[in-house]
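> The sequence and its predicted three-dimensional model are supplied below.
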Amino acid sequence: MSKFEQYNVVLKDLNDEIQLYEFDLDNVYFKKIDSPEVEKGNVKAKISVKRKFSVFELLFTLDGSVTIPCDRCLDNMEQPIHYKEKLQVKFGDKFSEEDEIVIVPEAEGAINIAWFLYEFIVLNIPIKHVHATGECNKTMATKLKRHITRQKDDDDEGGTTLFEDDSDDDFSVEETQTDPRWDGLQNITENN
């Protein structure tokens, strides 16, 4: 028995009615997937399957949250997941993905959606994921600010960013003044 057998959607027995599937993707699911992006979570997955001639249309609806590390302080944070996606599947000789259509072997007559569920969750995570302002680990934020400030002091040319307030951990930055020799060039576009 495969560890993802419960995520098999049997297509060969479907008639023209919509078939509904529901899965609770919990910590056990994410541990089985064994991927570094998401290790914990609680996501409700609803999948409706409809046959349209020789193509099966799977509509995925994902709602819940996953636990991922904050990019700023590295503490765990909850990332909400709300996602809808369509997947078209048809029968063929062997498994493949072609032009937004997944082909599954007709002899098997089913598709395992465990990895598709995980991919849709990961696609819903923003590239930059950080705590809301003021919720980062204060100790880590202080150390990071100290490190960045030390780098700024060691830089011979001077940096382009400064922290607005050392007590705030939202890492807001402001631009330093530009070299006055270049200020005249900014007016070129205004005069033309």
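That came through, no problem.
> Output the contacting helices and strands for the longest strand along the chain.
Scanning the chain for the longest strand, with DSSP state E as the assignment, gives strand 76-92. Packing partners of strand 76-92 (3 or more Cβ pairs under 8 Å, 6 or more residues apart in numbering; DSSP states H and E): strand 40-52, strand 55-69, strand 101-105, helix 114-123. (Each C-beta comes from the backbone N, C-alpha and C, glycine too.)
> In it, which of the residues would be classed as buried?
For strand 76-92, burial by neighbour count (16 or more other Cβ atoms under 10 Å) applies to Met77, Gln79, Ile81, Glu85, Leu87, Val89, Lys90, Phe91.
> Quick check: mean pLDDT of the following helix or strand past that strand?
Downstream of strand 76-92, the next assigned helix or strand under DSSP states H and E is strand 96-98. The average pLDDT for strand 96-98 rounds to 86.
> Then stretch 122-131?
Across stretch 122-131, the average pLDDT comes to 90.
> Export that stretch to PDB, keeping only CA atoms.
Extracted C-alpha coordinates of stretch 122-131, given in PDB (Å, rounded to 0.1, in the frame of the first residue of the first chain):
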ATOM      1  CA  VAL A 122       3.500  26.000  -2.300                       C
ATOM      2  CA  LEU A 123       2.400  28.200  -5.300                       C
ATOM      3  CA  ASN A 124       0.100  30.100  -2.900                       C
ATOM      4  CA  ILE A 125       3.000  31.100  -0.600                       C
ATOM      5  CA  PRO A 126       4.400  34.500  -1.300                       C
ATOM      6  CA  ILE A 127       8.000  34.800  -2.300                       C
ATOM      7  CA  LYS A 128       8.700  37.000   0.700                       C
ATOM      8  CA  HIS A 129       7.000  35.700   3.800                       C
ATOM      9  CA  VAL A 130       7.400  37.700   7.000                       C
ATOM     10  CA  HIS A 131       5.600  38.300  10.200                       C
END
